[in-house]
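Chemist: Only the shape, not the letters, is given here:
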């Protein structure tokens, strides 16, 4: 392990020296707006699959600075890419092949664009006005002080609000009668937004406010993939609720994901837990029998045997990697990929033990404390991601079909002494995006956008397969998974969409490169009219393509 850390340190030092040397060879951007500092940084995304060393980065102090930067970029032939915490997998910020001297500048929003303010709408709804560089951690802490919260948000706290909106960030949960929790994307909670856009009359970029009640173009900005630059959003919030989160590791996958001969409310199937509580997550480590099931329920008062939480991130055994896990992980990354079964069973063992030793089997407290549970210190893995829109009564069938195939595929590879998967399968269930007030059309590129004339498709099954990004045969495995999803769930009962922040469009060699998936499948699954409308809005408000990259240019055409 010490050798592994030493190698990482030497490589990082080499990259720093090299980027410093190359900065002397690359022309430095000149005549930048006053007060904007310029530095060279080394960009890495979450899984460290996408890296660009020595890329120019600026840190604007105000939204007006971004206007000035956009006008400067137009005059000087540069692209601007919004930068948050880089907790993302797909090439939405940069693609990795830009080169050290590319004319791209990262715009770091998280240092200064962090203002937050509570606002009550004219019809009395509580909202929060928040700048897009604010982290989810910071926003939820702020809201809690005022007695409010957001449910249905992603599990990491080190993500910016701008990033969450850009990709249609979500949590887990379906509508339950008598509850008012968010069961769609955070993007769908937006009432209004400020974006940097082109003014064709003034012949310059400016900040324009888009109100969802009055401006139908707003829906194109709500999941924008980083193609537009948002500086501020106003989000609908709810009264703070207390939740209970119960963990179970005693239900075999064949029961949890299986189809019972006779259905009853006492079944231990995933759909039974969904109907009873509304919010679940299943994490199934490879080569193990029992998944880790989390079940959230609204609980105004603390149940007798629940542990009261005073802070988020209550699973230290998964966030702070134990020595045993890091040792095996190091050996896997050094090339001993056949350790995947041992690694999976070790992860399950540490989880089941850790839940007991940290008193985390049954937790209770404010929603923030139970819905934030992924820290930056967890293992850096890559992931594919798909959303399967279906009818709520069809959840168990969809999950059973996929998990049966998934298990068989892992075993087939193992029989060939190949182990492309060393991380867990993650399953979440949500509702779909619907109008949050009269006339509020849903985001056009939301993976949870309801299907036109199909109100029966009211639920989404989210599937993510995790593994180390350098694992051999990873792309081949993910290609087979994607092909199965597209062919097996091609009936009228299921609509498949990509999860924008994860891996999709696989070939046997890489992700995000399947042209048929990118150019045909994606526009069709989001609806050709909405797809065309969104691209027209993007091109209208950024006709000079200041806010784009090579991947987005190929996708949004």
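Modeler: Cool, got the structure. This one's a predicted model, so the numbers in the text were calculated from it and none came from an experiment.
Chemist: so what's the closest residue to residue 58 other than its chain neighbours up against?
Modeler: Nearest residue to residue 58, sequence neighbours excluded (CB to CB, 6 or more residues apart in numbering): residue 36, at 5.1 Å. The way it works is simple: take the backbone N, C-alpha and C, and place the C-beta from them, glycine included. Residue 36 is in contact with 58-60, 65, 68-69, counting by CB atoms under 8 Å, 6 or more residues apart in numbering.
Chemist: Tell me where the stretch 201-350 of the chain has strands.
Modeler: Residue ranges of the strands in the stretch 201-350 of the chain, as given by DSSP state E, counting those that start in this stretch, are 204-211, 229-236, 238-239, 242-248, 279-284, 292-298, 307-308.
Chemist: Among the ones you listed, which comes closest to residue 147?
Modeler: Each of the strands of the stretch 201-350 of the chain has some distance to residue 147 by CB to CB; the shortest is strand 238-239, at 6.5 Å.
Chemist: tell me the mean pLDDT for the closest one?
Modeler: Strand 238-239 comes out with an average pLDDT of 94.
Chemist: how far does it sit from the chain's center?
Modeler: Remark: strand 238-239 is offset 23 Å from the chain centroid, using CA atoms, centre = their mean, to the nearest Å.
Chemist: what does stretch 336-353 give?
Modeler: Centre-to-centre, stretch 336-353 and its host chain are 25 Å apart (CA atoms, centre = their mean).
Chemist: Now it: buried residues?
Modeler: Burial within stretch 336-353, assessed by neighbour count using 16 or more other CB atoms under 10 Å, is assigned to 337, 339-341, 343-344, 346-348, 350-352.
Chemist: State the distance from the residue nearest to residue 58 to residue 150.
Modeler: Distance, residue 36 to residue 150, using CB to CB, to the nearest Å: 32 Å.
Chemist: now swap in residue 498 and tell me
Modeler: Taking CB to CB, one finds residue 498 at 24 Å from residue 150.
Chemist: again with residue 424
Modeler: 26 Å.
Chemist: what's the burial count for the nearest residue to residue 265 once chain neighbours are set aside?
Modeler: Nearest non-adjacent residue to residue 265, counting by CB to CB, 6+ apart: residue 272, 6.6 Å away. Residues contacting residue 272 under the criterion other CB atoms under 10 Å number 19.
Chemist: Tell me the one of the contacts of residue 36 nearest residue 185?
Modeler: residue 60 (26.7 Å).
Chemist: Share the number of residues neighbouring the closest one, please.
Modeler: Residue 60 has 24 neighbours, counted by other CB under 10 Å.
Chemist: Give me the three-state assignment for the closest residue to it other than its chain neighbours.
Modeler: Of all residues not flanking residue 60 in the chain, residue 66 sits nearest, at 5.2 Å (CB to CB, 6+ apart). Put simply, residue 66 is helix when judged by DSSP: H, G, I helix; E, B strand; the rest coil.
Chemist: Could you check the pLDDT of residue 66?
Modeler: At residue 66, pLDDT is 97.
Chemist: my guess is it meets residue 195, correct?
Modeler: No: checked against CB atoms under 8 Å, the pair residue 66 and residue 195 is beyond contact range at 10.0 Å.
Chemist: what residues are shared contacts of the two?
Modeler: With CB under 8 Å, 6+ apart, residue 66 and residue 195 have common neighbours 207, 229, 231.
Chemist: residue contacts, the last one?
Modeler: In this structure, residue 231 makes contact with 63, 66, 113, 131-132, 194-196, 207, judged by CB under 8 Å, 6+ apart.
Chemist: Show me what counts as buried in stretch 113-124.
Modeler: For stretch 113-124, a neighbour-count test (16+ other CB under 10 Å) marks 113-114, 116 as buried.
Chemist: Check stretch 311-329 too.
Modeler: So for stretch 311-329, counting by 16+ other CB under 10 Å, buried means 312-315, 317-318, 321, 325, 328-329.
Chemist: now that stretch: mean pLDDT?
Modeler: 88.
Chemist: Give me the residues contacting that stretch.
Modeler: With CB under 8 Å, 6+ apart as the criterion, stretch 311-329 contacts 1, 137, 157, 339, 342-343, 346-347, 350-351, 353-355, 357-358, 360, 363, 368-375, 377-379, 468.
Chemist: Endpoint to endpoint, that stretch covers what distance?
Modeler: With CA to CA, to the nearest Å as the measure, stretch 311-329 spans 29 Å from end to end.
Chemist: Figure out how far that stretch is from the centre of its chain.
Modeler: 21 Å.
Chemist: who touches the residue lying closest to residue 518 once chain neighbours are set aside in this structure?
Modeler: Once flanking residues are discounted, residue 518 sits nearest to residue 505: 5.0 Å by CB to CB, 6+ apart. Shown in contact with residue 505 (CB under 8 Å, 6+ apart): 482, 498, 511-514, 517-518, 522.
Chemist: Can you tell me which of the residues you listed lies closest to residue 475?
Modeler: Nearest member of the contacts of residue 505 to residue 475, counting by CB to CB, is residue 511, at 6.7 Å.
Chemist: List the buried residues of stretch 359-376.
Modeler: In stretch 359-376, counting by 16+ other CB under 10 Å, buried: 360-361, 363-375.
Chemist: should've said stretch 31-39
Modeler: Under 16+ other CB under 10 Å, the buried positions of stretch 31-39 are 32-33, 36.
Chemist: Next, the distance between the ends of stretch 423-442.
Modeler: For stretch 423-442, the first-to-last residue distance is 34 Å (CA to CA).
Chemist: in that stretch, what counts as buried?
Modeler: Across stretch 423-442, burial judged by 16+ other CB under 10 Å covers 423-434, 436, 440, 442.
Chemist: now do stretch 126-136
Modeler: Neighbour-count burial for stretch 126-136, counted by 16+ other CB under 10 Å, picks out 126-136.
Chemist: swap in stretch 411-420?
Modeler: Using 16+ other CB under 10 Å as the test for burial, stretch 411-420 gives 413-414, 418-420.
Chemist: Of these, just say which sits nearest to residue 217.
Modeler: Nearest member of the buried residues of stretch 411-420 to residue 217, counting by CB to CB, is residue 420, at 42.7 Å.
Chemist: could you say which helix or strand contains that closest one?
Modeler: Take DSSP states H and E as the rule and residue 420 turns out to sit in neither a helix nor a strand.
Chemist: Pull up the gap between it and residue 331, please.
Modeler: If you go by CB to CB, the gap between residue 420 and residue 331 works out to 17 Å.
Chemist: One more: residue 230?
Modeler: 43 Å.
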